[in-house]
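Undergrad: return a 3D structure for these sequence lines:
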Amino acid sequence: MRIGQDGLVTQQSWRDAFKIYTHPRVVSMLFLGFSSGLPFLLVLGTLSFWLREAGIDRATIGFLSWIGLAFGFKWAWAPLVDRMPLPFLTRWLGRRRSWLLFAQCGIAAMLVGVALSDPQAGLTQLVLFALATAFLSATQDIALDAYRIEAVGENLQGAMAASYQAGYRIAMIAASAGALWIAAGIAGGDGYHYAAWRGTYLVMAGLMSVGMIATLLLPEPQTNGLSQGQTDENAMAARLAKVAWLPPRMARALAWIYGAAISPLLDFVRRYRWQAVLILALIATYRISDVVMGVMSNPFYVDMGYTKDEVATVSKVYGVIMTIAGAGLGGVLTARFGVMRILFVGALLSAATNVLFAWLATQGHDLTGLIFVISADNLAAGIASSAFVAYLSGLTNVAYSATQYALFSSLMLLLPKFIAGFSGLAVNAYGYAAFFNATALMGVPVLILVWLATRVHDKAKP
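TA: The predicted structure follows:
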């Protein structure tokens, strides 16, 4: 809506509503979202396809999925990214952009290291470069979330999030389907060709320049006054200064730790009390079915005889489109029926579609079956993701948004990624069909937690 010349509130036109997406910082999030989404799949999804094609055992690939735990522990260094300046870069670019550029340059360099590491000749070297890539990618996400929150007012946050998600999904296509197409094109045939994967990852490293250019062109967010964490730090420093036996340097360090890491956690516990345990349990397990299953999806495609082109087209392009469609549908359903109901539906669908993969495992190379299963699975994932993001957003206190969001987004991957590390052993022991059915059963406790959280949510309503 807008205020007319007569002082009355008038309905905003569709043209004016869509102009929000022409705001320079909203447009910039498309490119920053691309920079954020690109390395994620390169070390967690596409890499597993490369390793399996290189003849790496499924159990080893499963354990290597623990590389993703870097995203599960990013809360541990989020306060450093939030508060600590970088020499020279911070004076040049500002607090947020300096960390963004540092992480983006590091990611590009580490992807070059991955490209120059043949898993058949030196798997350890490749793993170390992939782990460094994941760590720097998680660091980029911390800085980017903080930038997004601070760069614009509340009225533009929805558009910023939508632009970011669009860029992120485009990057997923580039890092999955694009990477497989490039590798297939360079190889010129079936079988393992290290040169094809080396060229592919060098191209992906070059694509990180998209985010670097956007970071250099963007203005630094202007924040007014001290953050809530800095205010808490100052208050704690004043208290500790009265403790005669405590050295001043130690008092300042303790005050910093309190303001950066402890006060955001205390705020969450004060607001939700004992219910915080239930909420954190739900966050930690909500994505367990699809994350544990997802580690073995690319090895599954290889073992079932699907080609790079088939996987790229069906799973990585068509599948991402279905995810976007599911996310849009989830947003509409959430607005219509409420977050908690669609959170339950999303959890149910995510678990149930894993049974379809168990069915597909009995069909052999069935392209029609793959299209059907990918359609259902990605549509369900989109619905669940949309509801889950809305749920997490409602839990966050804007006074501590950067640190609390890092905590929630880390927690949601920590347990699933740990369990996923054993997925290769499970497939080797019991086969794909039994493994996929087991991942579906993992969703049952999640449904119970959503039901309990819904009861708590309903009681809290006025």
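Undergrad: how deep is A196 tucked in, by neighbour count?
TA: 20 (other C-beta atoms under 10 Å). Where C-beta positions appear, they are placed from N, C-alpha and C, glycine not excepted.
Undergrad: oh sorry, the question was meant for D309
TA: Neighbours of D309 using other C-beta under 10 Å come to 13.
Undergrad: same check on the one 5 residues further on?
TA: Neighbours of V314 under the rule other C-beta under 10 Å: 19.
Undergrad: quick check: buried residues in the longest helix along the chain?
TA: Looking across the chain with DSSP state H, the single longest helix is helix 119-151. With burial defined by 16 or more other C-beta atoms under 10 Å, the residues of helix 119-151 counted as buried are 119, 123, 126-127, 129-151.
Undergrad: over to stretch 271-288?
TA: Taking 16+ other C-beta under 10 Å as the criterion, stretch 271-288 shows 272, 275, 279-288 as buried.
Undergrad: now P416, nearest residue through space, not along the chain?
TA: V291 (3.6 Å; C-beta to C-beta, 6 or more residues apart in numbering).
Undergrad: could you look up the SS state of W245?
TA: The local conformation at W245, judged by DSSP: H, G, I helix; E, B strand; the rest coil, is coil.
Undergrad: and it, backbone torsions?
TA: Dihedral pair for W245: phi -80, psi -10, per degrees, to the nearest 10.
Undergrad: gap between it and A251?
TA: The gap separating W245 from A251 is 10 Å, by C-beta to C-beta, to the nearest Å.
Undergrad: likewise for L116?
TA: From L116 to A251 the distance is 48 Å (C-beta to C-beta).
Undergrad: looking at these two, which one has more neighbours?
TA: A direct count of neighbours by other C-beta under 10 Å for L116 and A251 places A251 higher, at 18 against 14.
Undergrad: where does the stretch 351-462 of the chain have low pLDDT?
TA: Counting by pLDDT under 70, the stretch 351-462 of the chain contains low-confidence ranges at 393, 398-402, 458-462.
Undergrad: go again with 80.
TA: The model of the stretch 351-462 of the chain has pLDDT under 80 over residues 386, 389-390, 392-407, 409-410, 413, 456-462.
Undergrad: please enumerate the helices of it.
TA: Using DSSP state H, counting those that start in this stretch, the helices found in the stretch 351-462 of the chain span residues 367-395, 401-420, 423-430, 432-441, 443-460.
Undergrad: out of the ones you listed, indicate the one that is most buried.
TA: Highest mean neighbour count of these: helix 401-420, a mean of 22 (counted as mean count of other C-beta atoms under 10 Å).
Undergrad: what about it, distance to the chain center?
TA: 9 Å (C-alpha atoms, centre = their mean, to the nearest Å).
Undergrad: helices or strands up against that helix?
TA: helix 69-72, helix 78-83, helix 119-151, helix 263-272, helix 275-285, helix 288-294, helix 367-395 (3 or more C-beta pairs under 8 Å, 6 or more residues apart in numbering; DSSP states H and E).
Undergrad: between those, which one is nearest to M212?
TA: helix 119-151 (10.9 Å; C-beta to C-beta).
Undergrad: output the contacting helices and strands for the closest one.
TA: helix 24-44, helix 46-53, helix 58-64, helix 69-72, helix 78-83, helix 95-115, helix 154-173, helix 401-420.
Undergrad: let's go with 7 Å and repeat that
TA: Where contact means 3 or more C-beta pairs under 7 Å, 6 or more residues apart in numbering; DSSP states H and E, helix 119-151 is packed against helix 24-44, helix 69-72, helix 78-83, helix 95-115, helix 401-420.
Undergrad: relative orientation of the fourth one and helix 401-420 in degrees?
TA: In other words, helix 95-115. Between helix 95-115 and helix 401-420, the angle formed by their directions is 20 degrees, by axes from the mean of the first three to the mean of the last three C-alpha atoms, to 10 degrees.
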